[in-house]
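Chemist: my questions are about this predicted structure, shown below with the sequence.
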There are 2 protein chains.
Amino acid sequence: MPVNLPPLPAIRAFEAASRHLSFTKAGEELGMTQAAVSYQIKLLEDRLGFLLFTRKTRKIELTEHGALLAAKVIDSFASLRTAFEDISKRSAGHLVVSSNTTFAVNWLSNRLVHFQMQNPDIAVRIVPYGPNADPEFNEADIVVSACKAPPKGWYSHELVQADFTPMLSPILLETVDEITAPADLLKLPIVDPQDTWWTDWFTVAGLPDVDLSHLPNSRMGSQALEANRAIAGQGVAILTPYFCKTALETGQLVQPFELTCRAEDESWYLSYPPTHRNSRKVRLFRDWVHAELQRDGMPVLSPTAMVA
Amino acid sequence: MPVNLPPLPAIRAFEAASRHLSFTKAGEELGMTQAAVSYQIKLLEDRLGFLLFTRKTRKIELTEHGALLAAKVIDSFASLRTAFEDISKRSAGHLVVSSNTTFAVNWLSNRLVHFQMQNPDIAVRIVPYGPNADPEFNEADIVVSACKAPPKGWYSHELVQADFTPMLSPILLETVDEITAPADLLKLPIVDPQDTWWTDWFTVAGLPDVDLSHLPNSRMGSQALEANRAIAGQGVAILTPYFCKTALETGQLVQPFELTCRAEDESWYLSYPPTHRNSRKVRLFRDWVHAELQRDGMPVLSPTAMVA
DNA sequence: AGGTATGCATAAGGAGATTTTATCCATGCC
DNA sequence: GGCATGGATAAAATCTCCTTATGCATACCT
């Protein structure tokens, strides 16, 4: 077990005083009075058992021992300072976004490059977020997720509400006679039939009694994967149109019905711990996300709107 | 002006916690509770704006940033610790004795070697003490001096009282017919006639009216030099027999009268600042001086006797 | 499986160090 | 000689920092 150091405030005072060779100046640097520095130095001298400074009139000089010690202490403090500076710089330049796969794949992946170009000094790393996510998400600066409740205690911005409607591949669509009524969907394989969105949607569509529980459950749990299966023609998936924009535009998916539902109690949130409230990198990313959403014509809440 | 560091207690807590990877153990090492460590770490994390540890159940791990920082902080603290250890060792092994020339020449010089042999780990340096002494005496660990009052605030041990009696070279003695009465001394040159000891001695010797003020004054101010002039036959000096022991034994000086005076208000003192109260090196030297005096048959006060 | 022990988080409260304020002193400088 | 500068010191205020007490999660043991 390491040796105990003398009281740290005393060491700090000594460090500053030995650099300035002045208690007054040291006090100014440390934001305290000359008296306090004097007190701390005396404390340290008493502790060590020898004088660190010889007090001449209107100036002080380091004693032999004092000079020896000062050199090393100044050095150690310089190391400490650069250590904290470095880590601060590094932290300021590294943004870890813990994102839901859906958002990461369908939204972030092809836009992130723009953020990078706008902010070349910030290195972004995307890490998965979810029930079985790497616990590394603890180190995330920002979380983007579809949760009923964002991480408690965190600052959260609602991004978009979770709309959903069935989607399928046009190729799959051709395999059936026609899809004119919601009930027609039941002729097709259903991707992730236990997703509660299905019953919600069917209910709104006028079929409150549809029971999908007997169907094999793929339990993908991520729109990104469900969308992939739908694109691959493996079935009908219930998806958020906004996140399928590209697939819809390129004709990989079609939306057979206009009817979309909105989950009132479930939204996409961007959140971050209170400590990041004033973090530049977080602010830049948050504002960038909002700007992107706005470009897409999404009804975006004020960038500063915050959900407690 | 250097960057401000985060609160030092927080850094210290982090340093220990990152070494132990345990708040509890860190607390034990630092002599505080686990709660206090936890508090300090959180403080630091808030200050930095990112987590330093990821809290798993029953153990903690350093985050990426935390690990980076820990390496450097541990390093800096190690430097600090060795700096203080080194200076303590060095201080413990260096003894600066600020001594009156008389004591240094007549007493210390030929005995010091014994102390060195008994304590090979202590390097002794003698520096002059006196009205026109090098201001370096400020760094002295011990002062030996004949003062009416030892440095105020210092711990002081009375060594011997200042006895004095006239001394002269036997060669000088032969140049006069005979010295039988104190008044005979006046036929000889007087070394340092303004030394108040002369009038004191003559008064006790029954010649209260002797006035030496008209004599040329050499103003040596140090028994060592006065003794040298006496040995050289340049006159009669008034000296402390104990410090002339060698010269008396070898016949370089003789003491014409048994009569010695004692300066009631003037003694030889060994003193040291209160901070050295428990210093090993000071204790060893002080006790050694007492032992030497005792070997000489001097009536020595208890080694722990202290004059406030 | 249940109980216990371990390790960290948190709130409230208090003890104590640390800092400030207010002087004092010495001396360099104009 | 008078003023300004720089440090020492005592008393008082402040405000960290630490402890106590408790809760919570979970690993480990029987």
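Modeler: Received, thanks.
Chemist: for stretch A:164-173, buried residues please.
Modeler: Neighbour-count burial for stretch A:164-173, counted by 16 or more other CB atoms under 10 Å in any protein chain shown, picks out A:164-169, A:172-173. Backbone N, C-alpha and C define where each C-beta goes, glycine included.
Chemist: for the helix or strand encompassing residue A:283, C-alpha coordinates in PDB please.
Modeler: Element membership of residue A:283 [criterion: DSSP states H and E] is helix A:280-295. The C-alpha trace of helix A:280-295 is given here as PDB (Å, rounded to 0.1, in the frame of the first residue of the first chain):
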ATOM      1  CA  ARG A 280     -20.600  20.600 -27.400                       C
ATOM      2  CA  LYS A 281     -20.500  17.300 -29.200                       C
ATOM      3  CA  VAL A 282     -23.900  16.200 -27.900                       C
ATOM      4  CA  ARG A 283     -25.500  19.500 -28.800                       C
ATOM      5  CA  LEU A 284     -24.000  19.300 -32.300                       C
ATOM      6  CA  PHE A 285     -25.300  15.800 -32.800                       C
ATOM      7  CA  ARG A 286     -28.700  16.500 -31.400                       C
ATOM      8  CA  ASP A 287     -29.200  19.600 -33.500                       C
ATOM      9  CA  TRP A 288     -28.000  17.800 -36.600                       C
ATOM     10  CA  VAL A 289     -30.500  15.000 -36.000                       C
ATOM     11  CA  HIS A 290     -33.300  17.600 -35.700                       C
ATOM     12  CA  ALA A 291     -32.100  19.400 -38.800                       C
ATOM     13  CA  GLU A 292     -32.100  16.200 -40.800                       C
ATOM     14  CA  LEU A 293     -35.600  15.300 -39.600                       C
ATOM     15  CA  GLN A 294     -36.800  18.700 -40.500                       C
ATOM     16  CA  ARG A 295     -35.300  18.300 -44.000                       C
END
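Chemist: centroid-nearest residue for chain A?
Modeler: Central residue of chain A (CA atoms, centre = their mean): residue A:142, 0.9 Å from the mean position.
Chemist: returning to that earlier point: from the buried residues of stretch A:164-173, which ones fall inside helices?
Modeler: Among the buried residues of stretch A:164-173, the ones falling in helices (DSSP state H) are A:172-173.
Chemist: point out the least confident one among the buried residues of stretch A:164-173.
Modeler: Within the buried residues of stretch A:164-173, residue A:173 has the lowest pLDDT, namely 86.
Chemist: from DNA strand D, how far out is it?
Modeler: 46 Å (CB to the nearest atom of the strand, to the nearest Å).
Chemist: per-residue pLDDT, the closest residue to DNA strand C within the stretch 51-200 of chain A?
Modeler: Nearest residue of the stretch 51-200 of chain A to DNA strand C, counting by CB to the nearest atom of the strand: residue A:57, 3.1 Å away. For residue A:57, the pLDDT comes out at 83.
Chemist: give the bridge partners for residue A:53, please.
Modeler: As for beta bridges, residue A:53 partners with residue A:62 under DSSP bridges.
Chemist: report the mean per-residue pLDDT for stretch A:293-306.
Modeler: The model assigns stretch A:293-306 a mean pLDDT of 68.
Chemist: same thing with stretch A:229-242?
Modeler: 89.
Chemist: cool, stretch A:261-272 as well?
Modeler: 80.
Chemist: and if you look at stretch A:90-101?
Modeler: 86.
Chemist: any buried residues in that stretch, and which?
Modeler: A:91, A:94-101.
Chemist: rebuild those as CSV, extending it with distance to DNA strand C and secondary structure.
Modeler: What follows is the buried residues of stretch A:90-101, written out as CSV (distance: CB to the nearest atom of the strand, whole Å; DSSP: H, G, I helix; E, B strand; the rest coil):
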residue, distance to DNA strand C, secondary structure
A:91, 19, helix
A:94, 22, strand
A:95, 23, strand
A:96, 19, strand
A:97, 23, strand
A:98, 19, strand
A:99, 24, strand
A:100, 25, coil
A:101, 29, helix
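Chemist: can I get those residues in CSV including distance to residue B:214?
Modeler: What follows is the buried residues of stretch A:90-101, written out as CSV (distance: CB to CB, whole Å):
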residue, distance to residue B:214
A:91, 86
A:94, 91
A:95, 95
A:96, 96
A:97, 100
A:98, 101
A:99, 105
A:100, 109
A:101, 111
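Chemist: among these, which are in reach of chain B?
Modeler: Contacts with chain B within the buried residues of stretch A:90-101, counted by CB under 8 Å from any CB of the partner chain: residue A:91.
Chemist: from the buried residues of stretch A:90-101, which is closest to residue B:13?
Modeler: Among the buried residues of stretch A:90-101, residue A:91 lies closest to residue B:13 (CB to CB), at 19.4 Å.
Chemist: which residues touch the closest one?
Modeler: When contacts are counted by CB atoms under 8 Å, 6 or more residues apart in numbering or on different chains, residue A:91 is found next to B:48-50, B:65.
Chemist: distance of it from residue B:160?
Modeler: With distances taken as CB to CB, to the nearest Å, residue A:91 is found 69 Å from residue B:160.
Chemist: cool, and residue A:69?
Modeler: Distance from residue A:69 to residue B:160, counting by CB to CB: 37 Å.
Chemist: these two - which one has more neighbours?
Modeler: Using other CB atoms under 10 Å in any protein chain shown as the criterion, residue A:69 and residue B:160 rank with residue A:69 on top: 27 against 20.
Chemist: now the strand or helix carrying the more buried one: buried residues?
Modeler: Per DSSP H and E, residue A:69 falls inside helix A:64-93. In terms of neighbour count (16+ other CB under 10 Å), helix A:64-93 has its buried residues at A:64-66, A:68-70, A:72-74, A:76-77, A:79-80, A:83-84, A:87-88, A:91.
Chemist: cool, stretch A:40-58 as well?
Modeler: By neighbour count on 16+ other CB under 10 Å, the buried set for stretch A:40-58 is A:40-45, A:48-54.
Chemist: dump the residues you listed into JSON lines; add secondary structure and distance to DNA strand C as well.
Modeler: Supplementary listing: those in JSON lines, determined by DSSP: H, G, I helix; E, B strand; the rest coil; distance: CB to the nearest atom of the strand, whole Å:
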{"residue": "A:40", "secondary structure": "helix", "distance to DNA strand C": "5"}
{"residue": "A:41", "secondary structure": "helix", "distance to DNA strand C": "10"}
{"residue": "A:42", "secondary structure": "helix", "distance to DNA strand C": "10"}
{"residue": "A:43", "secondary structure": "helix", "distance to DNA strand C": "6"}
{"residue": "A:44", "secondary structure": "helix", "distance to DNA strand C": "10"}
{"residue": "A:45", "secondary structure": "helix", "distance to DNA strand C": "13"}
{"residue": "A:48", "secondary structure": "helix", "distance to DNA strand C": "14"}
{"residue": "A:49", "secondary structure": "coil", "distance to DNA strand C": "17"}
{"residue": "A:50", "secondary structure": "coil", "distance to DNA strand C": "19"}
{"residue": "A:51", "secondary structure": "coil", "distance to DNA strand C": "18"}
{"residue": "A:52", "secondary structure": "coil", "distance to DNA strand C": "16"}
{"residue": "A:53", "secondary structure": "strand", "distance to DNA strand C": "16"}
{"residue": "A:54", "secondary structure": "strand", "distance to DNA strand C": "13"}
